[in-house]
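**Q** how does the following fold in three dimensions:
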Amino acid sequence: MCSTLNRDRVRVRFGNRKGAVGITLRVWLSSAGAATVQVMRLLRENPDGVDVTIYASNVDPSAAALSVCDVSAIEPRYVSNEEYARFALDFCRTYRIDVLIPPRRLDALAGRVADFAAVGTSLMCSPLSAVKALTDKVRTYEIAGAAGVPVPPWREARDAQEFRAAVDELSMGGETLCIKPSGEFSAFGFRILDDRPLTMANLRVAPRPVASVEAIAGAMCRAAAEGEAVPPLLVMPFLEGPEISIDCLSAPGGELLMGIPRAKQGRFRILLDNPDLVDIARRLVRHFELAYLTNVQLRYRGGQPVLLEANPRPSAGLFHTSFADVNLPWAAVRLLLQGDSGLRNPPRLGACLAVAEAVMEVAPQVDGQFPGAVRRSADLVPG
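**A** Below is the predicted model of the structure:
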């Protein structure tokens with residue numbers, strides 16, 4: 001009954017911009033990072049003129065996003081999926097959240113759409129099966145390759161012996177290799193394999209995330225000897241060209257409604273008008289039945305685009321798509337609540353963007369607390 005009430009009041013707000021507008025939409029952005037600040041702006045500046053109250057949370061009390069939302073909270077850290085899901089459900093129930101947009105802990109939430117609906121919250125998330133597959137890069141490459149999506153050559157290594165064998169095999173083509181953990185570790189575990197000794201020239205330029213083959217193999221051996229878990233590593237060619245990040249909006253079931261490719265080179269971004277790149281994203285989105293806001297990353301190898309990774313969550317740079325004259329975060333909210341994104345015109349592509357520092361004023365510190373007077377009302381699970 002609560003879920004129906006929430007959807008009814010949201011429908012009143014969307015139905016007519018000039019009609020009754022007595023109720024505000026409550027949107028919770030969990031695990032809110034710095035770039036989420038721009039998503040907040042887009043939600044507030046939505047083309048339907050709907051009033052939006054932004055709830056934001058993070059495990060870090062000093063996260064910048066907590067200073068510019070309307071209601072802030074601290075998330076529990078280092079808890080199980082079951083505990084995190086219980087925290088999220090209690091938060092939604094307590095604050096009568098209409099929409100939850102989670103960029104992380106998706107494996108804890110994706111299978112609980114009905115549970116959130118029961119407390120009146122619409123969960124913006126892809127199916128659990130897609131979340132599990134795409135947070136495992138090995139499974140991603142296996143499934144994508146079988147579906148005809150171009151992938152680079154790769155090998156999985158679970159110990160030092162497999163790692164050395166993978167390096168020997170893949171290095172025969174003369175390409176520089178790299179590694180990354182197969183699981184959900186963001187970019188933290190990425191390293192370029194480089195056995196050359198450090199030079200003074202290296203110290204005069206910005207550092208690169210490099211490691212030697214023996215350093216990686218040694219770390220795997222020591223971890224195994226000490227009983228530490230060794231995450232599977234993906235060994236593959238290092239693709240140096242500009243990364244292509246495709247921000248996707250899709251309906252449940254995997255129908256791509258809009259894909260905006262973004263070439264990333266240093267501090268510049270170009271919104272590409274390239275249907276071939278969008279078609280690769282379309283095939284992935286359809287195959288994994290991705291829903292709402294997701295992201296596909298490509299790089300070129302031998303002049304052909306290949307899959308780098310696909311994420312069942314929005315990218316940190318999603319707000320760049322606003323320069324294409326679309327508001328994808330709001331379109332996703334409309335799609336979630338009404339089944340209609342509201343998008344009627346194609347995106348404006350071809351724009352070149354420069355990424356520069358931005359500074360904003362936030363509330364001053366109060367009684368020594370972090371800016372924004374972070375509320376600990378979310379401590380439903382010890383954090």
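**Q** just the mean pLDDT for stretch 331-348, thanks.
**A** For stretch 331-348, mean pLDDT is 96.
**Q** which residues touch the residue nearest to G183 when sequence neighbours are not counted?
**A** In this structure, G183 finds its nearest non-sequential neighbour in P231, 5.7 Å apart by CB to CB, 6 or more residues apart in numbering. The way it works is simple: take the backbone N, C-alpha and C, and place the C-beta from them, glycine included. Taking CB atoms under 8 Å, 6 or more residues apart in numbering as the definition of contact, the neighbours of P231 are P181, S182, G183, F185, G189.
**Q** what does the pLDDT read for the fourth one?
**A** Looking at F185, its pLDDT stands at 57.
**Q** distance from the chain centre to stretch 328-341, please.
**A** Distance of stretch 328-341 from the chain centroid (CA atoms, centre = their mean, to the nearest Å) equals 18 Å.
**Q** in it, what's buried?
**A** By neighbour count, with 16 or more other CB atoms under 10 Å as the criterion, the buried positions of stretch 328-341 are L328, P329, W330, A331, A332, V333, R334, L335, L336, L337, S341.
**Q** what's next to it, contact-wise?
**A** The contact list for stretch 328-341 (CB under 8 Å, 6+ apart) reads 7, 10-11, 14, 25, 27, 39, 42-43, 46-48, 98-99, 101, 122, 124, 247, 249, 251, 257-258, 260, 292-293, 314, 318-319, 321-322, 342-343.
**Q** and with 7 Å instead?
**A** The contact list for stretch 328-341, computed with CB atoms under 7 Å, 6 or more residues apart in numbering, reads 7, 10-11, 14, 27, 39, 42-43, 46-47, 99, 122, 124, 247, 249, 251, 257, 292-293, 318, 321, 342-343.
**Q** ok, of those, which come out buried?
**A** Of all those considered here, the ones buried according to neighbour count by 16+ other CB under 10 Å are 10, 14, 27, 39, 42-43, 46, 99, 122, 124, 247, 249, 251, 257, 292-293, 318, 321, 342-343.
**Q** and L100, helix, strand or coil?
**A** strand (DSSP: H, G, I helix; E, B strand; the rest coil).
**Q** was I right about it contacting L123?
**A** Yes - with contact taken as CB atoms under 7 Å, L100 and L123 are classed as touching, separated by 5.2 Å.
**Q** which residues do these two both contact?
**A** Overlap between the neighbourhoods of L100 and L123 consists of F116, taking contacts as CB under 7 Å, 6+ apart.
**Q** where does the prediction get shaky in the stretch 101-250 of the chain?
**A** 184-187 (pLDDT under 70).
**Q** phi and psi next, for I280.
**A** Torsion angles at I280 (phi, psi; degrees, to the nearest 10) stand at phi -60, psi -50.
**Q** just checking, it touches Q304?
**A** No - using CB under 7 Å as the test, I280 is too far from Q304 to be in contact (10.4 Å).
**Q** so where do the helices sit in the stretch 1-150 of the chain?
**A** If DSSP state H, counting those that start in this stretch is used as the criterion, the helices of the stretch 1-150 of the chain fall at 2-15, 36-44, 81-95, 106-109, 113-118, 128-134, 137-146.
**Q** quick one: contacts of the fifth one?
**A** Taking contacts as CB under 7 Å, 6+ apart, the residues outside helix 113-118 that touch it are S3, L89, C92, L100, L123.
**Q** rewinding a little: now secondary structure and distance to S62 too, for the buried residues of stretch 328-341, in JSON lines please.
**A** Conversion of the buried residues of stretch 328-341 to JSON lines gives the following (DSSP: H, G, I helix; E, B strand; the rest coil; distance: CB to CB, whole Å):
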{"residue": "L328", "secondary structure": "helix", "distance to S62": "28"}
{"residue": "P329", "secondary structure": "helix", "distance to S62": "24"}
{"residue": "W330", "secondary structure": "helix", "distance to S62": "28"}
{"residue": "A331", "secondary structure": "helix", "distance to S62": "31"}
{"residue": "A332", "secondary structure": "helix", "distance to S62": "28"}
{"residue": "V333", "secondary structure": "helix", "distance to S62": "28"}
{"residue": "R334", "secondary structure": "helix", "distance to S62": "33"}
{"residue": "L335", "secondary structure": "helix", "distance to S62": "33"}
{"residue": "L336", "secondary structure": "helix", "distance to S62": "30"}
{"residue": "L337", "secondary structure": "helix", "distance to S62": "32"}
{"residue": "S341", "secondary structure": "coil", "distance to S62": "35"}
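**Q** tell me how many other residues crowd E309.
**A** Number of residues near E309 (other CB atoms under 10 Å) recorded here: 17.
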